[in-house]
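Engineer: return atomic coordinates for the entry below.
(4 chains)
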2 protein chains.
Amino acid sequence: MDLPLAPGGRELPLLQRERPERSDAAHNREVLLRAAQELVEERGIDAVTMDDVARRACVGKGTLFRRFGTREGLMGQLLDHSEREWQAQVIGGPPPLGPGAPPMERLLAFGRSRVTLNLHHAELIEAARHPAARSFGALSFTTMHVRYLLEQLGVQGDVPYLATALVAPLEMIVLRQQVNREQVPLERIQAGWEDLVRRVVADH
Amino acid sequence: MDLPLAPGGRELPLLQRERPERSDAAHNREVLLRAAQELVEERGIDAVTMDDVARRACVGKGTLFRRFGTREGLMGQLLDHSEREWQAQVIGGPPPLGPGAPPMERLLAFGRSRVTLNLHHAELIEAARHPAARSFGALSFTTMHVRYLLEQLGVQGDVPYLATALVAPLEMIVLRQQVNREQVPLERIQAGWEDLVRRVVADH
DNA sequence: GGTCGAAACGGACCGTGGTCCGTTTTCATT
DNA sequence: AATGAAAACGGACCACGGTCCGTTTCGACC
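Structural biologist: Below is the predicted model:
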């Protein structure tokens, strides 16, 4: 072996800034995402194969996989899009979900909204799972937000943990169990969460 | 259409007891489960293919799939085994996990135990997911148990919901986020859950 | 022990997710 | 405009999950 130079052995451009995406790459990503989106809407997620997506986008399969890594990665990107829209509502939309309302009202609005969102996206969430990137983004944004609101409310204790604990019952897998198996009506879930929040926030 | 008889229209053997499993079927199920178990232990779950399992068990692939339906089904069975052992501890083992200790102590022991169990089985739980049967068994046993303990404690409110909400932060997906991504130490998770329980149970 | 229907067997076969690698495109440099 | 290397393309190819169906085995009844 004969490595050209030990890493760090020369003054490479120290802040190796990543090149902007090549134009064909950018174009293909857009086309692929649109194709995937359309197909999912048309037939439902399970009836969409990766070959379908590539074909509809008039792009090679290799390209599809290079861009998104796996099927989960592709679905994750689709999900991320709506997720980001929702996040924008939370960060900058109208109250009570967005800023402007008192923290407790925001928190309750957050819970109601998150329940419906997660149930709405159940299929996508399921199809997206794993891919290191996603779960990170989603779980941690919600947790951070709740954490922030709990701090506003002056809650004492291990606030980061409490935030996680409050977000947990809003997770799709839990909601799904309640709605599908136990036939719990939506309103009861939302009311139940509200009660939970009040218990957790109540000062002792 | 010409249905033979409306359901209940004739005195069919009323308690249509399902025939006992044929001996070859029973034998093969055992052999397959053992093979799967061994392979998973040897190489880790991801490196075990269904063909591997069938081959090791000296059984046709068709048989494997007829017995367990899907890969998830097979892994689900593996999981169910340990799950049942744990359930036995909860139902009839020594206190404080089992009966005999005061409800609050049992509840806290339950949480601690469940955290380690779910983290321990993370891989299997992930591989087992879906298959209608499993998630049912696991989620609902734990929820029912917590619900029972909350009732013992005289908690007021929507106890079934509260039980679900307390179980949720113990779910693998949530724990995993905390342990792997946020590097939260185990003890803090357990302490956090304990605090959560006290807040929920506290009478107002 | 012989007969027969139901149930189980097993392995060839198929569809889909994912990889590999020779070819084409882009774009910075001149 | 020409050049060249890095990056992207695309489709043949592979492996694994899951199905199908002709063959074998079981066991209840004679």
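
Engineer: immediately after the worst-scoring helix or strand of chain A on mean pLDDT, which helix or strand?
Structural biologist: Lowest mean confidence among the helices and strands of chain A (mean pLDDT, DSSP states H and E): helix A:133-152, at a mean of 81. The C-terminal neighbour of helix A:133-152 among helices and strands, as given by DSSP states H and E, is helix A:159-167.

Engineer: check which helices and strands the very next helix or strand once past that following helix sits against.
Structural biologist: Downstream of helix A:159-167, the next assigned helix or strand under DSSP H and E is helix A:172-176. In terms of contacts (3 or more C-beta pairs under 8 Å, 6 or more residues apart in numbering or on different chains; DSSP states H and E), helix A:172-176 is packed against helix A:103-120, helix A:122-128. To be clear about C-beta, it is placed using only N, CA and C from the backbone, and glycine gets the same treatment.

Engineer: ok, the closest residue to residue A:191 other than its chain neighbours - contacts?
Structural biologist: When the adjacent residues along the chain are set aside, residue A:191 lies closest to residue B:158, with 7.3 Å between them (C-beta to C-beta, 6 or more residues apart in numbering or on different chains). For residue B:158, the contact set (C-beta atoms under 8 Å, 6 or more residues apart in numbering or on different chains) comprises A:188, A:191, A:192, A:195.

Engineer: what about chain A, any weak spots by pLDDT?
Structural biologist: A:1-19, A:130-139, A:204 (pLDDT under 70).

Engineer: what's around residue A:119, how many residues?
Structural biologist: Residues near residue A:119, counting by other C-beta atoms under 10 Å in any protein chain shown, number 18.

Engineer: wait, it touches residue A:177, no?
Structural biologist: No: Residue A:119 is beyond contact range of residue A:177, at 11.6 Å (criterion: C-beta atoms under 8 Å).

Engineer: up against DNA strand D, what does chain A have?
Structural biologist: Contacts of chain A with DNA strand D, taken as C-beta under 7 Å from any atom of the strand, map to A:19, A:21-22, A:24-25, A:27-28, A:59-63, A:65-67.

Engineer: contacting DNA strand C as well, which ones from those?
Structural biologist: Among these, DNA strand C is touched by A:22, A:24, A:61, A:62, A:65, A:66 when using C-beta under 7 Å from any atom of the strand.

Engineer: quickly find the element holding the nearest residue to the third one once chain neighbours are set aside.
Structural biologist: Beyond its immediate neighbours in the sequence, the residue positioned closest to residue A:61 (C-beta to C-beta, 6+ apart) is residue A:54, lying 4.6 Å away. Secondary-structure element containing residue A:54, defined by DSSP H and E: helix A:50-56.

Engineer: which is the succeeding secondary structure element to that helix?
Structural biologist: Criterion used, DSSP H and E; the element after helix A:50-56 is helix A:61-68.

Engineer: neighbour count added to the ones next to DNA strand C among the residues of chain A next to DNA strand D, as TSV?
Structural biologist: Output for these, formatted as TSV (neighbours: other C-beta atoms under 10 Å in any protein chain shown):
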residue	neighbour count
A:22	9
A:24	9
A:61	12
A:62	9
A:65	15
A:66	11
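
Engineer: sorry, back to before: narrow the contacts of residue B:158 to those that are buried.
Structural biologist: Buried subset of these (neighbour count, 16 or more other C-beta atoms under 10 Å in any protein chain shown): A:192, A:195.

Engineer: out of the contacts of residue B:158, list just those in strands.
Structural biologist: Using DSSP state E, no member of those sits in strands.

Engineer: burial count for the closest residue in space to residue A:21 that isn't next to it in sequence?
Structural biologist: Nearest residue to residue A:21, sequence neighbours excluded (C-beta to C-beta, 6+ apart): residue A:29, at 7.8 Å. Neighbourhood size, residue A:29 [other C-beta under 10 Å]: 18.

Engineer: assumed residue A:29 was part of a helix.
Structural biologist: Yes: according to DSSP: H, G, I helix; E, B strand; the rest coil, residue A:29 belongs to a helix.

Engineer: from what I can see it touches residue A:66, true?
Structural biologist: No: the criterion here is C-beta under 8 Å, and residue A:29 misses it with residue A:66 at 10.1 Å.

Engineer: packing partners of the helix holding residue A:54?
Structural biologist: Using 3+ C-beta pairs under 8 Å, 6+ apart: helix A:50-56 touches helix A:23-43, helix A:61-68, helix A:71-92.

Engineer: now the ones you listed in CSV, with distance to residue A:145?
Structural biologist: Below are those laid out as CSV (distance: least, C-beta to C-beta, whole Å):
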stretch, distance to residue A:145
helix A:23-43, 26
helix A:61-68, 27
helix A:71-92, 6
